[in-house]
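Enquirer: predicted structure and sequence below. I'll ask about it afterward.
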Amino acid sequence: MKKIMIAIVCVTVALTLSGCNWFSNEAGKFKSALKGREAIIQTYDEDSNIIDRIEGKSIDIGANKSFEIKDSSGETVSKSGVMSLTVGGKTMMHVGSSLILAEKGLTNVFEEYAKTNDITSHDRSVPFVNRMVNGVKNLTTGQKLLILIRSQTGKPLATFAGKDVSYFTTDIDKSTGFIIDGKYLFVYRCDYTVYDLALLDK
């Protein structure tokens, strides 16, 4: 019995460490993966209005380490919420407002839906997300998961769908990285929900 317990503990520790390594590797791959790839960066105000849009190639993104908080032993106790970005060799810094970086090839379902529908409709008989999925069936048919991204006040900003969706931590505070069918998505200071599309078809 004791040997079985030790084996279980060893397997659990191994899985935990491999999970940590996976997240670390994915975060590292995220930074290198964008080099040579094209992506769109957009920032938003509280009402989901786009503040700026930057489109470029060979993007590097990471935390500005100057804003990390460390303890007396030099260990990081609070990650930096300030990001440094390089787009085609040109630099920028960003902090505060919601930001989404989407690799070219990802379709923002919300933008497509907004082109043909009144997104300020107050018809509450059908929830907003269900209406959107039904409104863009051509973009969501065959997909398995849907990511709805909202502003810090809860207003929809962007929506992406895919068959294979995974996520990972980054070195920037209040941010999440996603891989959607092999393409990268970075979300900073946003609320989000990941749905199984089967839940929204009912």
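Expert: Looks like it arrived, so ask away.

Enquirer: for stretch 108-117, give me every contacting residue.
Expert: Applying CB atoms under 8 Å, 6 or more residues apart in numbering, the contact partners of stretch 108-117 are 102, 119, 131-132, 135-136, 139-140, 146, 148, 156-161. To be clear about C-beta, it is placed using only N, CA and C from the backbone, and glycine gets the same treatment.

Enquirer: now do the buried residues in that stretch.
Expert: Buried residues in stretch 108-117, counted by 16 or more other CB atoms under 10 Å: 108-110, 112-114.

Enquirer: now do residue 163: how many residues are near it, please.
Expert: Using other CB atoms under 10 Å, residue 163 is surrounded by 11 other residues.

Enquirer: once you drop chain neighbours, what's closest to it?
Expert: Using CB to CB, 6 or more residues apart in numbering and skipping residues adjacent in sequence, the residue nearest residue 163 is residue 144, 5.0 Å away.

Enquirer: and that neighbour, how close does it get to residue 105?
Expert: 18 Å (CB to CB, to the nearest Å).

Enquirer: again, but for residue 60
Expert: 19 Å.

Enquirer: over to residue 120?
Expert: Relative to residue 105, and taking CB to CB, residue 120 is found at 29 Å.

Enquirer: same question for residue 137.
Expert: Residue 137 is 20 Å from residue 105, by CB to CB.

Enquirer: what about those two, which has more around it?
Expert: Between residue 137 and residue 105, counted using other CB under 10 Å, residue 105 has the larger neighbour count: 13 against 9.

Enquirer: nearest residue to the more buried one in space, please, no chain neighbours.
Expert: Per CB to CB, 6+ apart, closest to residue 105 is residue 183, 5.3 Å.

Enquirer: tell me the contacts of that neighbour?
Expert: Contacts of residue 183 by CB under 8 Å, 6+ apart are 102-103, 105-106.

Enquirer: the same query, at a cut-off of 7 Å, please.
Expert: Contacts for residue 183 (CB atoms under 7 Å, 6 or more residues apart in numbering) come out as 103, 105-106.

Enquirer: what does residue 92 give?
Expert: By CB under 7 Å, 6+ apart, residue 92 lies in contact with residue 85.

Enquirer: which parts of this structure are helices?
Expert: Using DSSP state H, the helices of the chain run over 2-33, 109-116, 128-135, 137-140, 197-200.

Enquirer: next, the residue nearest to residue 163: phi, psi?
Expert: Torsion angles at residue 144 (phi, psi; degrees, to the nearest 10) stand at phi -110, psi -40.

Enquirer: mind pulling up the pLDDT for it?
Expert: pLDDT, residue 144: 91.

Enquirer: from residue 136, how far off is it?
Expert: 16 Å.

Enquirer: those two - which one has more neighbours?
Expert: Using other CB under 10 Å, the more surrounded residue of residue 144 and residue 136 is residue 136, with 20 against 14.

Enquirer: for residue 60, see how far away that one is.
Expert: Relative to residue 60, and taking CB to CB, residue 136 is found at 33 Å.
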